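Asks: what's the 3D shape of this:
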Amino acid sequence: MFKIFANAWRVEDIRKKLLFIFLLLLIYRLGTTIPLPGIDLELLYQVRHGTGGGMDWDAAQTIFSMIMGGGPGSIFAMGIAPYITASIIMQLLTYAIPQLSQMQKEGEDGRKKIQQITRYLAVALAALQGAATVFSYTNWPPGMGGFNLFRLEHQNMLVYIMATVAMMTGTIFIMWLAELLTEKGIGNGASFLIFANILAGLPGGAMALWLLMTGSITGTVQVVILLVVFIIIIAFVVLVHEGERRIPVQYSRKSAGGRGMYGNHNSYIPLKVNIAGVMSIIFAMSLLGFPQQLAQFFPNAQFLTTLATWLSFQHWAGIIIYVVLIFMFTHFYTSFAVNPIEMAENMKKNGGFIPGIRPGKPTSDFIQTTVNRLSWIGAIFYSIIAIIPIIIDRMVPGLNIGFGGTTLLIVTGVALEFVKQLESQLLMRHYKGFLD
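Replies: Below you'll find the model as predicted:
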């Protein structure tokens, strides 16, 4: 991997892209430190530095906000979460609304239209979530059992509007950064922002582990066990991320109009084990976090507060529903990403067939069965990885390390994808130089 980075750094175009990525990520992290207009700066300082009498920075963040959001109490507090939620809604609506389904089949133009609708929906969700967050800052005493640890110092309508607009603007700016990273960088921009959020919490997690290790011999043993578990998780993630089921395909010989025969070669269809990737976990966390957002908007509704508490990871009901949602979204996203009927038709048009399977519907049924089995394996894998942080929290109560199975899955997946993108960029430039 280090050799790939060294080779990429020597190429001027790739070096400029890497510097561009670092610059945008730096701007993004600086934005997470800009406080929200009207917020109590003294209380914000106490929360960030853990001097607020029991209030700490880690308590201000759920797993979802740590992954998807920026710094709590800042203009980037919502992060890219509204855009991810809008993407989830649009993918669901694509199946439910025929016009959107037809639009998606129109190729690049249709995808651009859907992307534009997703942006508008993300802005609307950012306005709703921003208003709910600002509203919660004015109703719950900070650190007194609510979902927030902050308050607005001057509570009047002008401050409410300014704070809400600032949070909306922050989310729109983050969406723009993500699209810039995708367009002019290497890889997916949203993934890089999530990657940056997770890495920003690692120093605090490392410090928590260090304090635990220096506290007692028992703490040292716990840290060693945790590090071994993390190494096993990373190895397991790499193994599953690179794992794929190769379906053999054979192409028959065809006449080339009197110029001889061509074809009659063997190939395969690579189906990855983690077709859905980490999106199923993100979707599940987003859905579980929705009652908490409603509870922020209606702080006096006891039912919503109780529901949000039961759906948290502090109760077994929330953990069970979390696992069920991971299975559901894994199957949904897999069916969205893989179209067995289209694959079978393209194979038939090109004279290809799977040995032992008749072309047409039997081929599509075989691919669908294979994909379903892979999605089950992937869902089990994602569920195990997702509940590891919860198990660690049960083993070591009060340990806020800032990273666990879900974050390691995201970090490892983004890093592997980034290395693959660098390899492809280097390979493309190698062939260009050869042709020149």
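Asks: wait, doesn't residue 408 sit right on residue 233?
Replies: Yes. If you go by C-beta atoms under 8 Å, residue 408 and residue 233 touch, sitting 5.2 Å apart. For glycine as for every other residue, the C-beta is placed from the backbone atoms N, C-alpha and C.
Asks: which of these two has more neighbours?
Replies: Neighbour tally, residue 408 and residue 233, criterion other C-beta atoms under 10 Å: the higher count belongs to residue 408, 21 against 18.
Asks: which secondary structure element contains that one?
Replies: Residue 408 belongs to helix 405-435 when assigned by DSSP states H and E.
Asks: what's the helix or strand hosting residue 13 packed up against?
Replies: Element membership of residue 13 [criterion: DSSP H and E] is helix 12-31. On a contact count with 3 or more C-beta pairs under 8 Å, 6 or more residues apart in numbering; DSSP states H and E, helix 12-31 meets helix 2-10, helix 157-184, helix 189-215, helix 405-435.
Asks: please enumerate residues in contact with stretch 9-29?
Replies: 8, 70, 76, 174, 177, 180-181, 184-186, 192-193, 196, 200, 422, 425-426, 429 (C-beta atoms under 8 Å, 6 or more residues apart in numbering).
Asks: okay, helices next: where are they in the stretch 251-400 of the chain?
Replies: For the stretch 251-400 of the chain, the helices defined by DSSP state H, counting those that start in this stretch cover 279-297, 302-310, 316-337, 340-349, 361-395.
Asks: which one of those is the most hemmed in?
Replies: Mean neighbours per residue, mean count of other C-beta atoms under 10 Å, is largest over the helices of the stretch 251-400 of the chain for helix 279-297, with a mean of 21.
Asks: return the distance of that helix from the chain's centre.
Replies: Here the centre of helix 279-297 is set off from its chain's centre by 13 Å, with C-alpha atoms, centre = their mean, to the nearest Å.
Asks: now it and helix 189-215, what's the angle there?
Replies: 80 degrees (axes from the mean of the first three to the mean of the last three C-alpha atoms, to 10 degrees).
Asks: now helix 279-297: average pLDDT?
Replies: Averaging pLDDT along helix 279-297 yields 73.
Asks: can you tell me the closest non-neighbouring residue to residue 353?
Replies: Once flanking residues are discounted, residue 353 sits nearest to residue 359: 5.1 Å by C-beta to C-beta, 6 or more residues apart in numbering.
Asks: you'd agree the one you found is up against residue 344?
Replies: Yes. Counting by C-beta under 8 Å, residue 359 touches residue 344, with 7.2 Å between them.
Asks: which among the contacts of stretch 9-29 end up buried?
Replies: Applying 16 or more other C-beta atoms under 10 Å to these, the neighbour count classes 8, 70, 76, 174, 177, 181, 185-186, 192-193, 196, 200, 422, 425 as buried.
Asks: kindly check the end-to-end length of stretch 235-250 for me.
Replies: End-to-end span of stretch 235-250 (C-alpha to C-alpha, to the nearest Å): 34 Å.
Asks: check which residues of it are buried.
Replies: Applying 16+ other C-beta under 10 Å to stretch 235-250 flags 236-237, 240-241, 247, 249 as buried.
Asks: return the closest of these with respect to residue 412.
Replies: Closest to residue 412 out of the buried residues of stretch 235-250 is residue 237 (4.5 Å), distances taken as C-beta to C-beta.
Asks: give me the helices and strands touching the helix or strand encompassing that closest one, please.
Replies: Assessed by DSSP H and E, residue 237 sits inside helix 217-242. Applying 3+ C-beta pairs under 8 Å, 6+ apart, we find helix 217-242 packed against helix 189-215, helix 361-395, helix 405-435.
Asks: please repeat the previous calculation with a cut-off of 10 Å.
Replies: Helices and strands touching helix 217-242, by 3 or more C-beta pairs under 10 Å, 6 or more residues apart in numbering; DSSP states H and E, are helix 189-215, strand 266-272, helix 361-395, helix 405-435.
Asks: out of everything not next to it in sequence, what's closest to residue 117?
Replies: Among residues not flanking residue 117 along the chain, residue 90 sits closest, at 6.6 Å (C-beta to C-beta, 6+ apart).
Asks: tell me how many other residues surround the one you found.
Replies: Residue 90, neighbours per other C-beta under 10 Å, totals 18.
Asks: element containing it?
Replies: Assessed by DSSP H and E, residue 90 sits inside helix 81-96.
Asks: residue 122 in helix, strand or coil?
Replies: Following DSSP: H, G, I helix; E, B strand; the rest coil, the label given to residue 122 is helix.
Asks: ok, it touching residue 86?
Replies: Yes. Counting by C-beta atoms under 10 Å, residue 122 sits close enough to residue 86 to count as a contact (3.9 Å).
Asks: what is in contact with these two at once?
Replies: residue 175 (C-beta atoms under 10 Å, 6 or more residues apart in numbering).
Asks: hang on, residue 118 packs against residue 103?
Replies: No. With contacts counted by C-beta under 10 Å, residue 118 stays clear of residue 103, the gap being 11.9 Å.
Asks: quick check: neighbours shared by residue 359 and residue 344?
Replies: Here residue 359 and residue 344 share the contacting residues 352-353, scored by C-beta under 10 Å, 6+ apart.
Asks: one step back: would you turn the helices of the stretch 251-400 of the chain into TSV with distance to residue 218?
Replies: Output for the helices of the stretch 251-400 of the chain, formatted as TSV (distance: least, C-beta to C-beta, whole Å):
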stretch	distance to residue 218
helix 279-297	32
helix 302-310	31
helix 316-337	26
helix 340-349	53
helix 361-395	12
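Asks: out of these, which is closest to residue 271?
Replies: helix 361-395 (6.0 Å).
Asks: can you give me how far that closest one is from the chain middle?
Replies: The answer for helix 361-395 is 17 Å, by C-alpha atoms, centre = their mean.
Asks: that helix to helix 217-242, inter-axis angle?
Replies: 170 degrees.
Asks: give me the mean pLDDT for helix 361-395.
Replies: 81.
Asks: next, the angle from that helix to helix 340-349.
Replies: Using the same axes, to 10 degrees: helix 361-395 against helix 340-349 is 140 degrees.
Asks: helix 361-395 vs helix 405-435, what angle?
Replies: Helix 361-395 runs at 130 degrees relative to helix 405-435, counting by the same axes, to 10 degrees.
Asks: so residue 122 and residue 86 - more neighbours on which side?
Replies: Between residue 122 and residue 86, residue 122 has the larger neighbour count (other C-beta under 10 Å), namely 24 against 21.
Asks: could you check the pLDDT of that one?
Replies: At residue 122, pLDDT is 91.
Asks: common neighbours of residue 408 and residue 233, please.
Replies: Taking C-beta under 10 Å, 6+ apart as the contact rule, residue 408 and residue 233 both touch 385, 388.
Asks: any idea how far residue 121 is from residue 74?
Replies: Per C-beta to C-beta, to the nearest Å, residue 74 is found 23 Å from residue 121.
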